[in-house]
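# mind looking at a prediction? Sequence and model below.
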Amino acid sequence: MFGLIVLGSVVRTTGSGLACPDWPLCHGQLIPPLQFNIMLEWVHRLVALLVSVLLASTAAWVYARGAVRARLGGLVTIALGLLAAQVLLGALTVWKLLDPGVVGGHLAVGLLLFSTNFRKFRLDADALKDVAVTDITQQTIPQDFERDQRAHHCFEIRLAP
């Protein structure tokens, strides 16, 4: 999600925000012309779609498990509401031709959505009886996080056999 925010700032600073003059398509096509600014905006939209699908999938997973839903259901509901607002603001950014208020709102909601990432998250493997959980944090810590490993956690979660 943070990468999507960074990509959005690259779109903004390169003047690519209206390289795709329509929404949700780009130049009326699913795959637009292969020009730098157009592809930059299109990739931003593609990554946004991927993040949206992953967030919706995570929400469905949380809602389907009672113990997890009790702990994280409220946060997931807020995240989904912010996601809906973010999608609408993304469309309005194009439809309103980069109106500064809309662009600022798009960034603000994106940051709020990012803030729903729960930094103090602790995986409760016991609550996940139907899955096998393996902590693979040590194998995946990038060099940037070696100093403060609390900011990075990675788990492999598979359906239990």
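Received, thanks. Everything numeric in this text was worked out from a predicted model, so none of it was measured.
# the strands in this structure, which residues?
With strands called from DSSP state E, the chain shows them at 131-135, 155-159.
# of the ones you listed, flag the one that's most buried.
Between the strands of the chain, strand 131-135 has the highest mean count of neighbours, a mean of 13, where neighbours are mean count of other C-beta atoms under 10 Å. In this view, the C-beta of every residue, glycine as well, is placed from N, C-alpha and C.
# so what's Ser52 closest to, chain neighbours aside?
Leaving aside its chain neighbours, Ser52 sits nearest to Leu83 (6.1 Å; criterion: C-beta to C-beta, 6 or more residues apart in numbering).
# now swap in Leu123 and tell me
Here the residue nearest Leu123, using C-beta to C-beta, 6+ apart, is Phe155, at 5.8 Å.
# which ones are touching that neighbour?
Counting by C-beta atoms under 8 Å, 6 or more residues apart in numbering, Phe155 makes contact with 123, 133-137.
# can you check Thr116 too?
Counted by C-beta under 8 Å, 6+ apart, Thr116 has contacts 75, 78-79, 82.
# and of those, the nearest to Lys129?
Leu75 (21.8 Å; C-beta to C-beta).
# just give me the neighbour total for the closest one.
15 (other C-beta atoms under 10 Å).
# quickly note the distance from the closest residue to it other than its chain neighbours to Leu83.
Closest residue to Leu75 apart from its sequence neighbours, by C-beta to C-beta, 6+ apart: Thr116 at 5.8 Å. Using C-beta to C-beta, to the nearest Å, Thr116 is found at 9 Å from Leu83.
# point out where this structure drops to low pLDDT.
118-120, 149-151 (pLDDT under 70).
# could you name the helices and strands sitting against the longest helix belonging to the chain?
Longest helix in the chain, counting residues (DSSP state H): helix 66-95. For helix 66-95, the elements it packs on are helix 36-63, helix 100-115, judged by 3 or more C-beta pairs under 8 Å, 6 or more residues apart in numbering; DSSP states H and E.
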